[in-house]
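[1] following is a predicted model, sequence given first.
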Amino acid sequence: MLLRDILTPEETEAARRLLAGQGLELPEAGEYGVAAYAGRNVVATGFRHGSTLMGLCVDPAWRGEGVALRIVDRLLKEAAEHGLTRLFVFTTPREAARFAAMGFRLVASAPEHAALLEWGFPSCEEWLAGIAPDRPAPAPVGVVALNANPFTLGHRYLLETAAARCATLYALVVQEDVSVFPFAARLRLVREGMAHVPHCRVLPGGPYVISLQTFPAYFSGAERHAAHHAALDLHVFGQRIAPVLGISLRFVGTEPVSAVTATYNAAMRAILPAYGIKVHELPRIGTDGGTDDGTGGGAISASRLRAALAAGDMDEALRHVPASTAAFLQSEEGGKIVAMLRRTS
């Protein structure tokens, strides 16, 4: 049995055939891949992209021979060489026990959909301990998860409306740094934009709230995977995050444009009530100060804002944002992002 890095188109095609034979897809993205060979035949594969392991597959004829453990061990060592101390596996609930036997810890499972496991540290428990309040927060406790790319008047309206219905509100900002506006800037803008609401606590979403680990379709736009990924993200939220923070209410804006986000909203309504969490879907606010008509055409939108910036229409862009975001967009730091948008549009 020989392990070899996947480097050539021929090796990639051999891995694709093995995965396809088991009803799996070759990962669209992968920084590193490894295959196990028996003679000239690929009998197992594994890939790493960022901190996620994917495309783990063993030919049925070779199961029980320790091949999967060798593949995972190779991936863990390669990840360690790149300074990664925490890794995740997105797999089926049926396969979760196999990874648990290799030392992975179950984060959460979405029945009939997917399971998320992690290896290394910091763990989910450690992350939760870092964001949990010292004493139970005043109830009712609500939450809004938002990307805020960047923070708009629409985001502020959603958070203010939610805050009016809660004694404590958490704003969990998507932490993945794959948006136009960097995470550090997005987090700061939400905090500045909500500084007038003292019972709104703005926190990083970490790797467990709308992340590349829990909801990869949110970032790729892959509609065919959206329902399974949304279900996993929400079961992680319901099983692990909501109990620690005491959350009983979740607020979300209507989504007339993005099919993936609309799928996520529908999954919230279907899944979260089983965890004792009531979902409130609020209409978006329009640029005229009224609520949107449901089509999305008149709604304040971060995507419309970015389009205006890319087109060089600062006046239109500023119609979508509060004063704190406006100041950022016109600062030296924000100006570099605006210039980048114009270059790449």
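    Perfect, thanks for sending it.
[2] where does this protein dip in pLDDT?
    Scanning the chain for pLDDT under 70 picks out 289-297.
[3] and it, what are its domain boundaries?
    Per automatic domain parsing, the structural domains of the chain span 2-125, 133-344.
[4] same list (those) but as TSV, adding mean neighbour count.
    Heads up, the C-betas are built off the backbone N, CA and C, glycines and all. Output for the domains of the chain, formatted as TSV (neighbours: other CB atoms under 10 Å):
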stretch	mean neighbour count
domain 2-125	17
domain 133-344	19
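[5] confirm Q213 sits in a strand?
    No. Going by DSSP: H, G, I helix; E, B strand; the rest coil, the assignment for Q213 is coil, not a strand.
[6] need the contact list for it.
    Counting by CB atoms under 8 Å, 6 or more residues apart in numbering, Q213 makes contact with S51, T52, F88, F90, L116, P207.
[7] narrow those to those in strands?
    Applying DSSP state E to the contacts of Q213, the entries found in strands are T52, F88, F90, L116.
[8] show the end-to-end separation of stretch 244-257, please.
    33 Å (CA to CA, to the nearest Å).
[9] for the spatially closest residue to G312 that is not a sequence neighbour, which three-state class applies?
    The shortest distance from G312 to any residue other than its chain neighbours is 6.1 Å, reached at R342 (CB to CB, 6 or more residues apart in numbering). Following three-state DSSP, the label given to R342 is helix.
[10] circling back: H199: which of the ones in strands among the contacts of Q213 is nearest?
    Lowest distance from H199 to those (CB to CB) belongs to L116, with 30.8 Å.
[11] give the contact list for the closest one.
    Counted by CB under 8 Å, 6+ apart, L116 has contacts F88, V89, F90, L106, V107, A108, S109, Q213, T214, L232, V236.
[12] and what of A242?
    A242 neighbours (CB under 8 Å, 6+ apart): V143, S248, Y275, I277.
[13] how about these, which pair is most distant?
    V143 and Y275 (12.1 Å).
[14] for this protein, which strand is longest?
    Ranking each strand of the chain by length (DSSP E) puts strand 41-49 first.
[15] what is that one packed up against?
    Applying 3 or more CB pairs under 8 Å, 6 or more residues apart in numbering; DSSP states H and E, one finds that strand 41-49 contacts helix 9-21, strand 32-38, strand 52-58, helix 67-81.
[16] what's the first one in contact with?
    With CB under 8 Å, 6+ apart as the test, helix 9-21 has contacts from 4, 6, 25-26, 33, 35, 42-45, 55, 57, 59.
[17] tabulate those residues in CSV, adding columns for distance to R304.
    Shown next, in CSV, are the contacts of helix 9-21 (distance: CB to CB, whole Å):
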residue, distance to R304
R4, 49
I6, 41
E25, 33
L26, 35
G33, 39
A35, 45
V42, 47
V43, 50
A44, 47
T45, 42
G55, 37
C57, 42
D59, 49
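[18] can you tell me which of those is nearest G154?
    Using CB to CB, those come closest to G154 at E25, 35.2 Å.
[19] can you pull the contacts of the closest one?
    If you count contacts by CB under 8 Å, 6+ apart, then E25 has L19 around it.
[20] need phi/psi at it.
    In terms of degrees, to the nearest 10, the main-chain angles of E25 are phi -110, psi 150.
[21] and which of the ones in strands among the contacts of Q213 is nearest H225?
    Among the ones in strands among the contacts of Q213, and counting by CB to CB, the member closest to H225 is F90, at 10.2 Å.
[22] for I241, see how far away that closest one is.
    To I241, F90 is 18 Å away according to CB to CB, to the nearest Å.
[23] tell me who's in contact with the residue nearest the centre of the chain.
    For the chain, the residue nearest the mean C-alpha position is S211 (1.8 Å; CA atoms, centre = their mean). Contact partners of S211, counting by CB under 8 Å, 6+ apart, are V174, Q175, E176, G205, D233.
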